[in-house]
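A.B. asks: Only the shape, not the letters, is given here:
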């Protein structure tokens, strides 16, 4: 279980050009700038939150080789704390988001210390276990209001009336800024010396240790960062849907994050974004298909695994001969 | 590039405004009804595709299309997740121009949808969610509640059974807000009627095995075991209760929330003797029988209607009558006010009214499940024990603390 | 919350017996999962779905099969179904249902899972996740969500009053049947020639193949066996739980945890930790019932942090 995923491993080293990636990122951000004029903004915002989450998850699995099965706990913490401050204490949402990120970071640090001591499937299972504990807390704690959840998170005007988040377009561009900031941060981390060390640990941990790198230290940092960014996505989502609920912290949410990343392409910078839009798009636009949604989704996963194993971005890049 | 982009941007803005504008202008005499329900989970049989069938029946029976209205129905899945429900509702209103949101079994999802409907000034017909705060603290001028509610269930079942001698109670409660509120309400009624609550056990949601909890209930020696849960949890507790000989040992099981599809799923051998409250049963009178036979022919699984689906029919009919009288459905608050202004009258609930807090008032019934010997055939499941008149079946107007009631 | 202080001691026997019965289901399910993981290196997420198929198959055998076929109605594609009558009781189902579901599993393995040979387990997980969604979705469309009734067979109805509790005969049968299957499987894999070959084939397929043994066939049969055990558990569950399209969906992560606690791939470990978890859960249901759903994860976290490869796993 040295590396979680061989096939999705991006090629590194000599001859790697970042140009296709940079063009891809520029196209993505440009498309997102004009998207709300064509596509329903609330769908886009929801998908952007999941996309950020999938990117944060990808930072951990695609670059540090750690497959977490418990990211719902960070998302849930971010969204509950944000909604709690906004609903119960009437605080502005930006404060809620900051608090949500702080709480998720703290939780990430606490669980990270325990989880990174294990590898491969055992790492996945420890994170699953810890996340189920957080779910249990969310069910039992009184401030979460059980399955009714915390609502409605008043979006309202922030920064002295500068922004009116109840206007869909203004809210959208706020969400886009948050997404872009998180996304570019992840891109920066991956291409920093820190990211290179992570990749080295993923490829061959004993060798990296023998070179003098404290592997556990790097893994812990990656885990905490990933948790913080997932919390950011969760808190932002609470503002978008005006609601925090138990489904945010249930294990099936961790499952969807994994699926998004895999479908889009693990270990690619754009893959998780595309995956999130595809999975959320299916949920959204198939809602009228009602009872057939789960069958159609199941078929998509089966086809993906059998035909597009590297994820869509990974597969396309391979066909075009681009090394990501 | 940069210059072109600016032009492109401005052009896009123009195009979109042009696209959005006419959609709102052409609001005359066309209606879109969004049935937001559980298409894939535990309430699928209680609401689900059957609710869509009920809405279509109401449209036909109202004759509104003969008056020149065109009515579109969309069925949407909320997956029992409040955030998905809220998204789906918002999108139905924004994109499909839905004028009314209908059904929404699952109180958590209904509570998430409620502020959106109010903000957009549309109409919310609540038929499947049983939380009584929907006509209490969370009431709104944009919604009416046709489903039975936790107050009515607690008072119907708790009151009637305690009065007829079931003085000591033990609750098996699903460990979530809905279960706890059902337990609390029923417990209060039991005590008010001179009964006693001996204890409770909180079972995690979707526990497959209830034998341990049933054993604790048995050990309490309570006369009545109240089941404050729903769906699969209720079915499993009843099924295993029969296996462990709970009813044979002299204890009565009282499921607080039961649908006829649950009884159908359990079979009479297992379900016989259960006592519970329902606002609807297909075999109540000629009108309910005629309605239900028509419904059954249209329903994909050939089930009889549940109280949820009956409420969907009743509330949609009243809504369409109000829209027809007003001649305009754009102002949700006006439509709801109109709905409250004249009495309801339909095949499923008979004559009734909608109160200021949005509560639709009709009689409810205490039923007992027949034994296999008593049943004459498929779906002949209930016998009537008591009828609770409309004015006693629901929480008095003043006790709900609904802000709309001055 | 803490009511065990005034809880009569004889009632503890009752609760522990119930725990053992629930443990029987966990043991059967985790055993099948461990066999598949140990031999095929696939995390079979469809395990809950095949457990459910086993229960449904028993119901079909009793009430007849509906065979769907597509038809055109007013230009729309729709499904109609033909009814194939069948009145076979549970005794037949205990053999036929695992057989049918096992064959179904082998077809899945031959047509799809085999293509994932040599890849990381996560791909198998994703594929089986998709298959589970398809199977569950199709059955839900056809049979609804409230489930179907299935009676306890006549000879096993009723029960014994043990003084401290009423123990239904059927539950006694569940414990016996489950221990026979668990022991049989363990024996076949760990103590027979076939099992030795099988274990060798998973360690070094090329070498075993060189001895003239059809390794791909063995792998297929093993997957069929793992699936069949889950279907067997499904048949056993039919009379006490609801025969419902989602009956396996919530169980799957719990069973995963059981396998991990026992040590992934360890046959004996999965069986023992299955029964053990049933007992611990039983105790939790009395002391702190709300936590009975989460206790398995607490144990998993503790075990993994103390013993990385589970209670019975070989250290990696």
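C.D. replies: Here it is on my side, so go on. The structure displayed is predicted, hence computed values, not measured ones.
A.B. asks: Now residue C:212: phi and psi?
C.D. replies: Phi and psi for residue C:212, reported as degrees, to the nearest 10, are phi 80, psi 20.
A.B. asks: That one and residue C:223, how far apart?
C.D. replies: Using CB to CB, to the nearest Å, one gets 22 Å for the distance from residue C:212 to residue C:223. The C-beta positions use only the backbone N, C-alpha and C, and glycine is treated the same way.
A.B. asks: Tell me which of the two has more neighbours.
C.D. replies: Neighbour count, other CB atoms under 10 Å in any protein chain shown: between residue C:212 and residue C:223, residue C:223 has more, with 25 against 6.
A.B. asks: what residues are up against that one?
C.D. replies: Counting by CB atoms under 8 Å, 6 or more residues apart in numbering or on different chains, residue C:223 touches C:36, C:39-40, C:42, C:105-106, C:108-109, C:113.
A.B. asks: Sketch out the low-pLDDT regions of the chain for me.
C.D. replies: No chain in the question, so chain A it is. Flagging of chain A using pLDDT under 70 yields the residue ranges A:1-17, A:287-291, A:323-324.
A.B. asks: ah, I was thinking of chain C
C.D. replies: When the per-residue scores of chain C are filtered using pLDDT under 70, the ranges that remain are C:1-7, C:10, C:75-78, C:315-316.
A.B. asks: same deal with the stretch 1-150 of chain B?
C.D. replies: Using pLDDT under 70, the stretch 1-150 of chain B drops low at B:1-27.
A.B. asks: hang on, the earlier thing: drop anything exposed from the contacts of residue C:223.
C.D. replies: Among the contacts of residue C:223, those that count as buried by neighbour count (16 or more other CB atoms under 10 Å in any protein chain shown) are C:36, C:39-40, C:42, C:105-106, C:108-109, C:113.
A.B. asks: From the residues you listed, pick the one nearest residue B:166.
C.D. replies: Each of the buried ones among the contacts of residue C:223 was checked against residue B:166 using CB to CB; the closest is residue C:105, at 49.0 Å.
A.B. asks: Would you mind listing what in the stretch 51-200 of chain A touches chain B?
C.D. replies: When proximity is defined by CB under 8 Å from any CB of the partner chain, the stretch 51-200 of chain A lies next to chain B at A:139-140, A:145-149, A:151-152.
A.B. asks: Just the buried residues from those residues, in PyMOL please.
C.D. replies: Buried residues among those (16+ other CB under 10 Å), as a PyMOL selection:
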select buried, chain A and resi 139+145+146+147+148+149+151+152
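A.B. asks: out of the residues of the stretch 51-200 of chain A next to chain B, who's nearest chain B?
C.D. replies: Taking CB to the nearest CB as the measure, chain B lies nearest residue A:146 of those, at 3.5 Å.
A.B. asks: any idea how far chain C is from the residue lying closest to the closest one once chain neighbours are set aside?
C.D. replies: Spatial nearest neighbour of residue A:146, excluding adjacent residues (CB to CB, 6 or more residues apart in numbering or on different chains): residue B:177 at 3.5 Å. From residue B:177 over to chain C the distance is 13 Å, taken as CB to the nearest CB, to the nearest Å.
A.B. asks: Next: residue B:246.
C.D. replies: Counting by CB to the nearest CB, the separation of residue B:246 from chain C is 9 Å.
A.B. asks: In a helix, that residue, correct?
C.D. replies: No. Counting by DSSP: H, G, I helix; E, B strand; the rest coil, residue B:246 is located in no helix; its state is coil.
A.B. asks: what's the burial count for it?
C.D. replies: Residue B:246: 21 surrounding residues under other CB under 10 Å.
A.B. asks: again with the one 4 residues further on
C.D. replies: The criterion is other CB under 10 Å. On that basis, residue B:250 has 9 neighbouring residues.
A.B. asks: Do me a favour and get the backbone dihedrals for it.
C.D. replies: Dihedral pair for residue B:250: phi 100, psi 0, per degrees, to the nearest 10.
A.B. asks: Against residue C:123, how distant is it?
C.D. replies: In this view, residue B:250 and residue C:123 are 56 Å apart by CB to CB.
A.B. asks: List the contacts of the closest residue to residue B:361 other than its chain neighbours.
C.D. replies: On the basis of CB to CB, 6+ apart, the spatially nearest residue to residue B:361 that is not a chain neighbour turns out to be residue B:390, at 4.8 Å. By CB under 8 Å, 6+ apart, the contact set of residue B:390 is B:352, B:361-363.
A.B. asks: name the element residue 124 belongs to?
C.D. replies: Because you didn't say which chain, this covers chain A. With the criterion set as DSSP states H and E, the secondary-structure element containing residue A:124 is helix A:120-140.
A.B. asks: Chain B was what I was after
C.D. replies: Element membership for residue B:124 (DSSP H and E) is strand B:123-126.
A.B. asks: before we move on, back to that, so after the helix holding residue A:124, what's the next helix or strand?
C.D. replies: Per DSSP H and E, the first helix or strand lying C-terminal to helix A:120-140 is strand A:157-158.
A.B. asks: Sheet-wise, list the partners of that next one with their directions.
C.D. replies: Within its sheet, and counting by DSSP bridges, strand A:157-158 is paired with strand A:163-164 (antiparallel).
A.B. asks: if we can go back for a sec, could you report the pLDDT at the residue nearest to residue B:361?
C.D. replies: Turning to residue B:390, the model gives it a pLDDT of 90.
A.B. asks: tell me the phi and psi of the residue of the stretch 301-406 of chain B found nearest chain C?
C.D. replies: As assessed by CB to the nearest CB, chain C sits closest to residue B:301 within the stretch 301-406 of chain B, at 5.2 Å. Taking degrees, to the nearest 10, you get phi -90, psi 10 for the backbone angles of residue B:301.
A.B. asks: The one 4 residues further on too?
C.D. replies: For residue B:305, the backbone dihedrals are phi -70, psi 140 (criterion: degrees, to the nearest 10).
A.B. asks: From what I see, it and residue B:290 are in contact.
C.D. replies: No. Taking CB atoms under 8 Å as the contact criterion, residue B:305 and residue B:290 are not neighbours in contact, 12.0 Å apart.
A.B. asks: Look at those two and report which has more neighbours.
C.D. replies: residue B:305 (30 against 12).
A.B. asks: What's the separation between the residue of chain A positioned farthest from its centre and residue A:201?
C.D. replies: In terms of distance from the mean C-alpha position of chain A, residue A:210 ranks first, at 31.9 Å (CA atoms, centre = their mean). Taking CB to CB as the measure, residue A:210 falls 12 Å from residue A:201.
A.B. asks: And the residues of the stretch 51-200 of chain A next to chain B, which two are furthest apart?
C.D. replies: Pairwise distances across these peak at 23.3 Å for A:140 and A:152 (criterion: CB to CB).
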